[in-house]
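J.: Model the structure of this input:
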Amino acid sequence: RESALTAAKGRLAAAQLARVAALTQARAALTATKTREAAREVRARSLALIELLKGNATAAEIREARAAALTDLKGQKEAQAKFVELLKSEAGLSEEQALRFLHLDALSRVAAAKDTTLFLDYNKVPLMLEAQQGETTVNAGVDVEA
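T.: A predicted model of the protein is given here:
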């Protein structure tokens, strides 16, 4: 009976040691997994922060470009308004005639303008043909004395 009791105690001690070893292995695996996942999280957060900084930099560049374009556009519009005022005051054009001149000027800058036929008023005289015949002024509906 003693030997059976000793054998049972030995098996119990062996089972306890096996259990402690398995528990230690499981804790080590858990610690390794936690460490690995923490490293992945740090890497993911770092990459996300980098992308956020890149996005902020791109947004700042876009805002600066937009502000510069807005300033340029305001300057162009102010210059155009001054030009219209000069057309009205110095050349004696009416508001409609000045706007018609600006419209025709804008059309003449189109890349295909040399292939496009523009007509002046209802005379069906091509504007480009009139300019090619040596006339240096654009009539734009205004009688100009030579």
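
J.: just checking, what packs against the helix ranked longest in the chain?
T.: Taking DSSP state H as the criterion, the chain has its longest helix at helix 2-89. Contacts defined by 3 or more CB pairs under 8 Å, 6 or more residues apart in numbering; DSSP states H and E place helix 2-89 against helix 95-108. To be clear about C-beta, it is placed using only N, CA and C from the backbone, and glycine gets the same treatment.

J.: From the structure, what's the count of residues near Glu61?
T.: Using other CB atoms under 10 Å, Glu61 is surrounded by 10 other residues.

J.: same question, the one 10 residues further on
T.: Using other CB under 10 Å, the number of residues around Thr71 comes to 10.

J.: same deal with Ala7?
T.: Around Ala7 there are 10 residues (other CB under 10 Å).

J.: before we move on, what about Val84?
T.: Other residues near Val84 come to 16 when the count uses other CB under 10 Å.

J.: how big is the angle separating the longest helix of the chain from helix 95-108?
T.: 120 degrees (axes from the mean of the first three to the mean of the last three CA atoms, to 10 degrees).

J.: Over helix 2-89, what's the mean pLDDT, rounded is fine.
T.: For helix 2-89, mean pLDDT is 95.

J.: Flag every buried residue along stretch 77-95.
T.: The neighbour-count check on stretch 77-95 (16 or more other CB atoms under 10 Å) flags Val84, Leu87, Leu93 as buried.

J.: I meant stretch 8-26, not that one.
T.: Quick answer for stretch 8-26: no buried residues (16+ other CB under 10 Å).

J.: From the chain's centroid, how far away is it?
T.: The chain centroid and the centroid of stretch 8-26 are separated by 65 Å under CA atoms, centre = their mean, to the nearest Å.

J.: Pull out the CA atoms of it and give them to me as PDB.
T.: Coordinates of each C-alpha in stretch 8-26 appear next as PDB, following Å, rounded to 0.1, in the frame of the first residue of the first chain:
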ATOM      1  CA  ALA A   8       0.400   8.000  -6.700                       C
ATOM      2  CA  LYS A   9       2.400  10.800  -5.100                       C
ATOM      3  CA  GLY A  10       5.000  10.500  -7.800                       C
ATOM      4  CA  ARG A  11       2.400  10.600 -10.600                       C
ATOM      5  CA  LEU A  12       0.800  13.600  -8.900                       C
ATOM      6  CA  ALA A  13       4.100  15.400  -8.600                       C
ATOM      7  CA  ALA A  14       4.800  14.600 -12.300                       C
ATOM      8  CA  ALA A  15       1.400  15.800 -13.300                       C
ATOM      9  CA  GLN A  16       1.900  19.000 -11.300                       C
ATOM     10  CA  LEU A  17       5.300  19.600 -12.900                       C
ATOM     11  CA  ALA A  18       3.800  18.900 -16.400                       C
ATOM     12  CA  ARG A  19       1.000  21.300 -15.600                       C
ATOM     13  CA  VAL A  20       3.400  24.000 -14.400                       C
ATOM     14  CA  ALA A  21       5.600  23.400 -17.500                       C
ATOM     15  CA  ALA A  22       2.500  23.700 -19.800                       C
ATOM     16  CA  LEU A  23       1.300  26.800 -18.000                       C
ATOM     17  CA  THR A  24       4.800  28.300 -18.300                       C
ATOM     18  CA  GLN A  25       4.900  27.600 -22.000                       C
ATOM     19  CA  ALA A  26       1.400  29.000 -22.400                       C
END
